[in-house]
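Chemist: Predicted structure and sequence below. I'll ask about it afterward.
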Amino acid sequence: MTGLLTPLVYLLASVLFIVGLRFLSSPKGARRGNTVAAIGMALAVGWTVVLVAGRSTPAGIIICVLGVLLGGIAGTVGARRVRMTAMPQMVALFNGVGGGAAALVAVAELLQLGGQRPALQSGLPSVFAIIVGGISFAGSAIAFAKLQELMTGRPITYPAQQVVNGLLALAILALAVTLLALSGQPAIFIALLALALVLGMAFVLPIGGADMPVVISLLNACTGLAVAASGFVLDNFALIVAGTLVGASGTILTMLMGEAMGRSLANVLFGAFGSVKAAGDAAGPAGERSVRTGNSEDIGTLLAYSRNVVVVPGYGLAVAQAQHAVRELGEQLEARGVDVQYAIHPVAGRMPGHMNVLLAEANVPYEQLKEMDEINDQFKSTDAVLVVGANDVVNPAAKSSPGSPIYGMPILNVDQAKTVVFLKRSMRPGFAGIDNELLYDPKTVMLFGDAKDSLTKLLAAVKAA
């Protein structure tokens, strides 16, 4: 009976994955898409437990059920307790766990052969899952450590780094050929997994924090491909479909993030990207120049009597948990007849869609969230731009400084607005580690302090205007 139902159950789960992904293409349907995909995953996992119960020993059943319970509890608690500022770290961590699991599944299958050379149809996906899953696990662990500030976010480089990485790749290839053509001894695929882990770490270490959104997307695609390969190993249709969906969507997202950061996919994969310059390198010592500062009363009056205001959110908004405060300010401005919109850069924050999720959490209307291509032409006629905790995504150096690490990255053209108001804690540079010339522009006004506190003061000033 289970043999007849298994393909149907996994097919239904796969359809739910696809439908859920379709809903994720719109902010309005994202919550529903998550729910639909979660139902599909629960169905696939639940049926797998049923299959294990019918074929395995009591010890195997206990291990399977414990794994589901522990994973479910860890995922639920982690998702509910994580702060929005730490969401990229959680994504990197969960992504790495998926890649590691795919690699271990392949290792477990090879162990069952007792050292015999695996058949090509099972050995090839096993080797692929070990290599790609291991790289994804180790790379995601380094990405997590950098984002969590357990280690420096700066690029970690050393002499002949590319040569070392090339030798690692050749050694991995040699072990893979040996495993598939000569012998399936455990020492070979254990060494293969170890080298894949080392290559994963070596791949992410030289990448700076400013490029981490691209790295997370790329590693996500790697995990999906590793999971799909493990699906071939286990002859599991649901795993193949789910892994392929993640791999394809992750690849597309990587390409889109590369375009948003002014990088080609080839540059991301093979270039020495991630190098940053110290603040002020491109424009001289920042300490010798002055900025125009304002107070909340004057800036609040400026905003209240503007025809239109564009809010540009950044990571500082997330750190200050100021999304509700900015929504309240926007509503108050709208009540005075001001047209309020929110300009979302594709890589604002620490991961794709970070700002969209943050503002949606505060019930900012979806219609007011404008993508970069949609709103860039409107800045020329904008009375005031309110930049809240963003820096690199509005830095004109991306257009005017060929030596800058962000040169070529498409940015929001806030420098074309009549007035630019920056809400920042200090004059420290953004995640890319470079100074922003726009801060010293005569039409720019600085309001220093915690973003949430500053927005609350601006709200009071608008009400009093």
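Modeler: Yes, it's here.

Chemist: hey, let's count contacts and neighbours off CA atoms from now on
Modeler: Fine.

Chemist: Quick check: closest non-adjacent residue to the spatially most central residue of the chain.
Modeler: When Cα atoms, centre = their mean is applied to the chain, the residue found nearest the centroid is M351 (3.3 Å). Distances taken as Cα to Cα, 6 or more residues apart in numbering place P213 nearest to M351, at 4.9 Å, with adjacent residues excluded.

Chemist: What's the separation between I18 and L225?
Modeler: For I18, the distance to L225 (Cα to Cα, to the nearest Å) stands at 16 Å.

Chemist: Just want to know which of these two has more residues nearby.
Modeler: Neighbours were tallied for I18 and for L225 using other Cα atoms under 10 Å; the higher tally belongs to L225 (28 against 19).

Chemist: any idea how far the more buried one is from Q321?
Modeler: Using Cα to Cα, we find L225 at a distance of 35 Å from Q321.

Chemist: before we move on, what about T301?
Modeler: 24 Å.

Chemist: Please apply the same query to T178.
Modeler: From T178 to Q321 the distance is 53 Å (Cα to Cα).

Chemist: again, but for G100
Modeler: 33 Å.

Chemist: Can you pick out the residue with more neighbours from the two?
Modeler: More crowded of G100 and Q321, by other Cα under 10 Å: G100, with 26 against 18.

Chemist: Quick check: phi and psi on L439?
Modeler: Note on L439: its backbone torsions stand at phi -60, psi -20 [degrees, to the nearest 10].

Chemist: Next: V387.
Modeler: As for V387, its main-chain torsions (degrees, to the nearest 10) stand at phi -90, psi 110.

Chemist: What count of nearby residues applies to it?
Modeler: V387 has 24 neighbours, counted by other Cα under 10 Å.

Chemist: Same check on V82?
Modeler: Around V82 there are 12 residues (other Cα under 10 Å).

Chemist: What of L234?
Modeler: Neighbours of L234 under the rule other Cα under 10 Å: 17.

Chemist: A335 too?
Modeler: Under the neighbour criterion other Cα under 10 Å, A335 is assigned a count of 12.

Chemist: And it, how close does it get to A143?
Modeler: A335 is 43 Å from A143, by Cα to Cα.

Chemist: quick one on the thing from earlier: surely the residue nearest to M351 touches V347?
Modeler: Yes: look at P213 against V347 with Cα atoms under 8 Å: they come within range, at 6.9 Å.

Chemist: Could you tell me which residues touch both of those two?
Modeler: Counting by Cα atoms under 8 Å, 6 or more residues apart in numbering, the common neighbours of P213 and V347 are M257.

Chemist: Would you state the strands of the stretch 101-250 of the chain in chain order?
Modeler: Under the criterion DSSP state E, counting those that start in this stretch, the stretch 101-250 of the chain carries no strands.

Chemist: Now do the helices in it.
Modeler: Along the stretch 101-250 of the chain, counting by DSSP state H, counting those that start in this stretch, helices occupy 120-147, 161-181, 186-204, 212-234, 237-260.

Chemist: Tell me which of those helices sits nearest to A59.
Modeler: A59 lies closest to helix 212-234 among the helices of the stretch 101-250 of the chain, at 20.2 Å (Cα to Cα).

Chemist: Please compute how far the closest one lies from its chain's middle.
Modeler: 14 Å (Cα atoms, centre = their mean, to the nearest Å).

Chemist: in that helix, what counts as buried?
Modeler: For helix 212-234, a neighbour-count test (16 or more other Cα atoms under 10 Å) marks 212-234 as buried.

Chemist: Average pLDDT for that helix, rounded please.
Modeler: Helix 212-234 comes out with an average pLDDT of 89.

Chemist: can I see the domain layout of this structure?
Modeler: Following automatic domain parsing, one finds the domains of the chain at 2-270, 286-464.

Chemist: lowest average confidence, helix or strand, in this protein?
Modeler: Ranked by mean pLDDT, DSSP states H and E, the helix or strand of the chain with the weakest confidence is helix 265-270, at a mean of 60.

Chemist: which secondary structure elements does the next helix or strand after it contact?
Modeler: Once the chain leaves helix 265-270, the next helix or strand it forms, by DSSP states H and E, is helix 296-304. Contact analysis of helix 296-304 by 3 or more Cα pairs under 8 Å, 6 or more residues apart in numbering; DSSP states H and E lists helix 451-464 as its packing neighbours.

Chemist: Go ahead and confirm I207 touches T152.
Modeler: No: using Cα under 8 Å, I207 is not in contact with T152, being 10.8 Å away.

Chemist: So which of these two has more stuff around it?
Modeler: A side-by-side neighbour count of I207 and T152, using other Cα under 10 Å, places I207 first with 24 against 14.

Chemist: For L147, see how far away the more buried one is.
Modeler: Distance from I207 to L147, by Cα to Cα: 12 Å.

Chemist: now do N295
Modeler: 33 Å.

Chemist: So those two - more neighbours on which side?
Modeler: L147 (22 against 15).

Chemist: Find the nearest non-adjacent residue to the more buried one, please.
Modeler: Of all residues not flanking L147 in the chain, Q89 sits nearest, at 6.0 Å (Cα to Cα, 6+ apart).

Chemist: Make sure I have this right: the residue nearest to the centre of the chain is in a strand.
Modeler: No: read with DSSP: H, G, I helix; E, B strand; the rest coil, M351 is coil and lies in no strand.

Chemist: Could you report the pLDDT at it?
Modeler: Looking at M351, the pLDDT reads 71.

Chemist: In contact with it, which residues?
Modeler: By Cα under 8 Å, 6+ apart, the contact set of M351 is 88, 212-213, 216.

Chemist: Now do stretch 310-330: distance from first to last residue.
Modeler: This stretch, stretch 310-330, spans 10 Å end to end (Cα to Cα).

Chemist: Contacts for that stretch, please.
Modeler: By Cα under 8 Å, 6+ apart, stretch 310-330 touches 84-85, 340-344, 348-350, 355, 358-359, 361-364, 382, 384-391, 424, 450-452, 455-456, 458-459.
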